[in-house]
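Peer 1: Quick one, fold the following:
(2 chains)
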Amino acid sequence: MLELGLFYTAATISLVSTILAVTRYNAAHALIYLIISLLASAIIFFLVGAPFAAVLEVVIYAGAIMVLFVFVIMMLNLGSSGDVSEHVLLKPGMWVFPSALSLVLFVEIVYVLQSSEHILKGAVIGPKAVGIELFGPYVLAVEIASMLLLAGLVGAYHLGRRYLVDARQQR
Amino acid sequence: MTEAVVIPMEHGLLLAGILFLIGLLGVLVRRNIILILMSLEIMLNACGLAFIVAGAHWGIADGQIMFMLILSIAAAEVSVGLGLLLQAHRRFGSLDIDQASRMKG
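Peer 2: Model prediction:
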């Protein structure tokens, strides 16, 4: 029953933070709630027995991809009103509720890790099984994903470079 | 009560469906390009959640592999989308997608 309670807590946090992320006016606040939603998803992955996917969710989704969003938001906010907007961003009402949500998630993951043996009763599929599958029958999919990432790299480089050149000409 | 209590697959899939719907509503309703990209991320993450829950229910690793493929798709999509966002911000001066609602020609 305890595992179910942890699952429903994480699911509730995921739903609440996702709804709040979609309905925020400020993009930075939406980003904070989106990161909390992704962390809750990672805990759900861990609870259903996919620890490698949980790690990937935190490292790549909540780490790398959200940092891209942060870069773009900070890049577009570079105006004279930067201090004012930062003052608005750091109001207590804006970070208390996200902090409470992530504190609940933190307590949950600490509890799960401390008593991992008798909570995770389902079959855990570790990184070894995933890796054997990934480079066995799915090696063609890995190649396709690498080509997709290469296409994304070339596209992003092209778009970003023309932006920089035009900005330099405008100055 | 010593038998294993596992998370029901239906509830996980229901959660994934609700998250996908929230993301879809965000794409349809929001007019800020950054928020639209975030809603697309929510939808992709919901797809990954569905794959993981189903794969865990059947006890196979294929769900996690599909999640990794979704992850690479999300990374490529976000990089190109943010490049387009910078272009749109330079060209229209704002992040409102309604300003780009008309084709040239």
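
Peer 1: List the buried residues for the biggest helix by length in chain B?
Peer 2: The residue-count maximum for a helix in chain B (DSSP state H) belongs to helix B:62-92. Across helix B:62-92, burial judged by 16 or more other CB atoms under 10 Å in any protein chain shown covers B:62-86, B:88-89. In short, each C-beta sits where N, CA and C put it, glycine included.

Peer 1: Could you name the helices and strands sitting against it?
Peer 2: helix A:51-56, helix A:66-76, helix A:127-134, helix A:139-170, helix B:33-58 (3 or more CB pairs under 8 Å, 6 or more residues apart in numbering or on different chains; DSSP states H and E).

Peer 1: any idea of the angle the longest one forms with helix A:66-76?
Peer 2: It stands for helix A:139-170. If you take axes from the mean of the first three to the mean of the last three CA atoms, to 10 degrees, helix A:139-170 sits at 10 degrees to helix A:66-76.

Peer 1: buried set for helix A:139-170?
Peer 2: Of the residues in helix A:139-170, A:145, A:148, A:152, A:155-156, A:159, A:163 count as buried by neighbour count, 16+ other CB under 10 Å.

Peer 1: quick check, nearest of these to residue A:76?
Peer 2: residue A:163 (11.8 Å; CB to CB).

Peer 1: Report pLDDT for the closest one.
Peer 2: What the model reports for residue A:163 is a pLDDT of 54.

Peer 1: and stretch B:10-23, which residues are buried?
Peer 2: Buried residues in stretch B:10-23, defined by neighbour count with 16+ other CB under 10 Å: B:12, B:15-16, B:18-20, B:22-23.

Peer 1: just those that are near chain A?
Peer 2: With CB under 8 Å from any CB of the partner chain as the criterion, those include B:12, B:15, B:18-19, B:22-23 near chain A.

Peer 1: Identify the spatial nearest neighbour of residue 60, chain neighbours not counted.
Peer 2: No chain specified, so I'll use chain A. residue B:71 (5.6 Å; CB to CB, 6 or more residues apart in numbering or on different chains).

Peer 1: wrong chain, I was asking about chain B
Peer 2: In space, residue B:60 is closest to residue A:125, 7.5 Å off (CB to CB, 6+ apart).

Peer 1: Same check on residue A:133?
Peer 2: Closest residue in space to residue A:133, ignoring its immediate chain neighbours: residue B:61 at 4.5 Å, by CB to CB, 6+ apart.

Peer 1: Could you tell me the phi and psi values at that neighbour?
Peer 2: phi -90, psi 0 (degrees, to the nearest 10).

Peer 1: That one touches residue A:130, doesn't it?
Peer 2: Yes: contact criterion CB atoms under 8 Å: residue B:61 and residue A:130 qualify, at 4.7 Å.

Peer 1: Against residue A:132, how distant is the most centrally placed residue in chain A?
Peer 2: The C-alpha lying nearest the average C-alpha coordinate of chain A belongs to residue A:62 (CA atoms, centre = their mean; 2.2 Å). Distance of residue A:62 to residue A:132, given as CB to CB, to the nearest Å: 27 Å.

Peer 1: Which one of the helices and strands packed on helix B:62-92 lies nearest to residue B:6?
Peer 2: The closest of the helices and strands packed on helix B:62-92 to residue B:6 is helix B:33-58. By CB to CB, the value is 8.3 Å.
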